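Participant: Got a predicted model here, sequence first, then my questions.
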Amino acid sequence: MSAARETPEMGGRSAEEARGPALARAGDSASSARSPECRAGRLAAPRGPVASGGAPSLAAEVFRALGGLALVLAAFSAALWALDGVPAWITGERRGVRKATTVQEVERSLRTRLVLPSYFPATFAWPPSRIRYVTGTPGAVALWLEGRGGGAGLFLAETVAPGSLPSKLLPEAQVLDHVPIALGSSQGTLSRVVEEGIVVWEVTWQQGGRSMLLRSRSGSDVLVRMARSARESP
């Protein structure tokens, strides 16, 4: 009987032992079933900080792109500025000074008639051998006339609106002395100036809101008479 009682007990233990591995396997299966989720969770977790750090990275990229664009535009502007000055370097003219071949051409460009002396001594050859002008405010024109037979030439300059004659149109000269003169209804100035080492006469005055200038080695009386005869060209 003792042996008989031992048999169920042993059987009971065996059942428990039999259930033990089964439960363990079930637990392992559950763990295995959960492990992909855990792995997925562990893999997904780092994405949070990366996503939150994306905005600063995007902003930095935008700023870098804008900086590069600004550099390109600056380089392009510098190239245009250099190209704009190429004709001046080639022809020896100052920046902004333009060339015309006839008086009519410069009048069309500036959309106005020039004021010119109606009295021209035969010693000056017409038309001008050289014409330069500038646009903008006030806009101005310079004419160079050759002297016939190798005689003295004439330089004439004027603005086309109120304002001073731009220095880039005028040959450099140093004033020696000057006196006021009457030019019809207006007043002018007669001066002796040194241009390229030569003493020449110069007459300046205002007419119709324009600044006018005549310069030549011819006598002062010739320039004064020309200034008094200045009229708008027909």
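Facilitator: Good, I have the coordinates.

Participant: Where does pLDDT dip in the chain?
Facilitator: Along the chain, segments meeting pLDDT under 70 span 1-56, 77-94.

Participant: Show me the helices in the chain, by range?
Facilitator: For the chain, the helices defined by DSSP state H occupy 2-44, 47-52, 54-91, 103-110, 220-228.

Participant: Quickly list the domain ranges of the protein.
Facilitator: Following automatic domain parsing, one gets these domains for the chain: 2-90, 98-232.

Participant: Now do V141: how many residues are near it, please.
Facilitator: By other CB atoms under 10 Å, 26 other residues sit near V141. Bear in mind the C-beta positions are built from the backbone N, C-alpha and C, glycine included.

Participant: Kindly state the beta-bridge partners for it.
Facilitator: Beta-bridge pairing for V141 (DSSP bridges): Y133, E158.

Participant: likewise V193?
Facilitator: Bridge pairing for V193 (DSSP bridges) gives the partners V175, V200.

Participant: Now do it against A70, distance only.
Facilitator: Remark: distance between V193 and A70 (CB to CB, to the nearest Å) = 49 Å.

Participant: who has more neighbours, the two?
Facilitator: A side-by-side neighbour count of V193 and A70, using other CB under 10 Å, places V193 first with 18 against 10.

Participant: doesn't Q174 make contact with that one?
Facilitator: Yes: V193 is within contact range of Q174, at 6.2 Å (criterion: CB atoms under 8 Å).

Participant: quick one, phi psi at the closest residue to L114 other than its chain neighbours?
Facilitator: Distances taken as CB to CB, 6 or more residues apart in numbering put S233 closest to L114, at 5.2 Å, once the chain neighbours are dropped. When read as degrees, to the nearest 10, the backbone of S233 gives phi -60, psi 140.

Participant: Test my guess that S233 contacts S118.
Facilitator: No: the criterion here is CB under 8 Å, and S233 misses it with S118 at 9.2 Å.

Participant: Any idea how many residues pack against S186?
Facilitator: Neighbours of S186 under the rule other CB under 10 Å: 14.

Participant: which residues does it bridge with?
Facilitator: Taking DSSP bridges as the rule, S186 bridges to L183.
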